[in-house]
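Quick one, fold the following:
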Amino acid sequence: MFAIIGLVVVMGCVAGGYIMAHGNFSVLWQPAEFVIILGAAIGTFLVASPIKVIKLTLKGFASAFKAKSPGKDEYLQLLRALYDLLTLAKHEGIIALESHANKPKESSIFTPYPFVVKNHHVLDFICDNVKTYAMAGMEPHEFESIMDIDMEAHHEEEMIASGSINKLADSMPALGIVACVLGVVITMGALSEPPEVLGAHIGAALVGTFFGILMAYGFVAPFATNVEHQVRDQHTLLNVAKTAIMSFALGWAPALALEAARRAVPSSARPTFEELESAVRKK
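Below you'll find the predicted structure:
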């Protein structure tokens with residue numbers, strides 16, 4: 001929603017300022033420049049990107065229009081699910097969690113919390129590490145290393161889209177210059193034409209530079225930043241889950257492990273101690 005609003009603001013302010021300066025929109029309509037810049041940008045992206053990167057990048061563009069940062073309610077759902085999981089492990093042993101980890105979408109622990117069930121990255125992280133800890137009987141520091149490896153691999157993959165979009169944005173001003181240079185070449189070939197014809201050619205060439213820069217910094221680069229924020233939010237969710245599970249593996253009581261996890265929530269979305277206690281007691 002906010003991505004759409006942002007794009008409208010960018011276009012509205014650029015167009016509004018141009019109108020205020022008594023600009024003529026017909027001068028900006030240069031289809032040949034648009035074909036050169038957008039076509040070359042898409043082509044270079046395809047050359048540089050294997051199919052996996054293309055899919056992740058397209059997914060990143062699409063997610064900017066529908067993703068939203070987790071708020072207090074989402075973190076409360078995650079914390080309550082973790083508390084239920086750890087409480088069961090304390091009373092019945094870690095082996096009792098295997099049935100829930102094997103079929104999480106049918107689990108009585110996870111299904112009351114739709115945010116957790118729908119976020120497959122968080123759900124898979126919790127379930128995989130619960131099963132690993134139940135089977136391996138490893139030392140806590142070894143278990144923490146495995147979780148760190150999991151989080152790092154997930155982070156690296158999720159950042160691919162952001163990096164790819166950023167590189168695309170970086171290329172567009174240069175491609176705008178390419179379009180501009182071609183316009184200058186056309187202008188030089190028309191030096192015998194009257195001034196109004198030369199002016200039209202020069203204007204068309206400059207539109208190429210304008211369009212390349214506007215697309216880079218007004219449209220494409222902000223998408224990369226949006227994806228970075230999404231990746232950061234996802235990493236924070238995984239860290240909250242890791243903190244709770246790791247604290248329990250160290251021998252902490254579920255309530256204390258949950259408090260440690262609460263501290264890992266960003267302050268802007270962190271529930272208070274009383275809010276979390278009240279939410280847990282409602283179960």
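
now the helices for the stretch 1-150 of the chain?
Shown for the stretch 1-150 of the chain, the helices assigned by DSSP state H, counting those that start in this stretch span residues 2-20, 25-28, 31-48, 51-63, 72-92, 98-102, 114-118, 120-136, 140-188.

residue closest to the middle of the chain?
Among the residues of the chain, the one closest to the centroid is V227, at 2.7 Å (CA atoms, centre = their mean).

pretty sure that one contacts A161?
Yes - contact criterion CB atoms under 8 Å: V227 and A161 qualify, at 5.2 Å. Glycine gets a C-beta too; all of them are placed from N, C-alpha and C.

intersection of neighbour lists for the two?
Counting by CB atoms under 8 Å, 6 or more residues apart in numbering, the shared contacts of V227 and A161 are G60.

could you point out where the stretch 151-283 of the chain is predicted with low confidence?
The stretch 151-283 of the chain contains residues with pLDDT under 70 at 283.

ok, the nearest residue to L82 once chain neighbours are set aside - contacts?
Once flanking residues are discounted, L82 sits nearest to A244: 4.3 Å by CB to CB, 6 or more residues apart in numbering. Contact analysis of A244 by CB under 8 Å, 6+ apart lists 79, 82-83, 86, 257-258, 260-261.

before we move on, the earlier item: tell me which of the helices of the stretch 1-150 of the chain sits nearest to Y217.
Of all these, it is helix 140-188 that lies closest to Y217, at 7.2 Å by CB to CB.

which strands and helices sit next to the closest one?
Here helix 140-188 touches helix 31-48, helix 51-63, helix 120-136, helix 195-214, helix 221-249, going by 3 or more CB pairs under 8 Å, 6 or more residues apart in numbering; DSSP states H and E.

Comparing the ones you listed, which comes out most buried?
Among the helices and strands packed on helix 140-188, helix 221-249 has the highest mean neighbour count (mean count of other CB atoms under 10 Å), at a mean of 20.

what's the angle between that helix and helix 140-188?
For helix 221-249 against helix 140-188, the angle between stretch directions is 180 degrees (axes from the mean of the first three to the mean of the last three CA atoms, to 10 degrees).

continuing past helix 221-249, what's the next helix or strand?
Counting by DSSP states H and E, the element after helix 221-249 in chain order, helix or strand, is helix 254-263.

Could you export the contacts of A244 as TSV, including distance to H141 and neighbour count?
Shown next, in TSV, are the contacts of A244 (distance: CB to CB, whole Å; neighbours: other CB atoms under 10 Å):
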residue	distance to H141	neighbour count
L79	24	27
L82	21	26
Y83	24	21
L86	19	26
A257	17	24
L258	22	24
A260	16	16
A261	19	26
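
quick check, nearest of those to P271?
L79 (7.3 Å).

right, and the closest one touches R263 too?
No - L79 is beyond contact range of R263, at 11.0 Å (criterion: CB under 8 Å).

any shared contact partners between those two?
Counting by CB under 8 Å, 6+ apart, nothing touches both L79 and R263.

Can you dump the C-alpha atoms of stretch 69-83 in CSV for me?
Provided in CSV are the C-alpha atoms of stretch 69-83 (Å, rounded to 0.1, in the frame of the first residue of the first chain):
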residue,chain,number,x,y,z
SER,A,69,6.5,-5.0,9.0
PRO,A,70,5.5,-7.3,11.9
GLY,A,71,3.9,-5.3,14.7
LYS,A,72,3.2,-6.0,18.4
ASP,A,73,0.4,-8.4,17.6
GLU,A,74,2.6,-10.5,15.3
TYR,A,75,5.4,-10.7,17.8
LEU,A,76,2.9,-11.6,20.5
GLN,A,77,1.7,-14.5,18.4
LEU,A,78,5.3,-15.7,17.9
LEU,A,79,6.1,-15.4,21.6
ARG,A,80,2.9,-17.2,22.7
ALA,A,81,3.6,-20.1,20.2
LEU,A,82,7.2,-20.4,21.6
TYR,A,83,5.9,-20.4,25.1
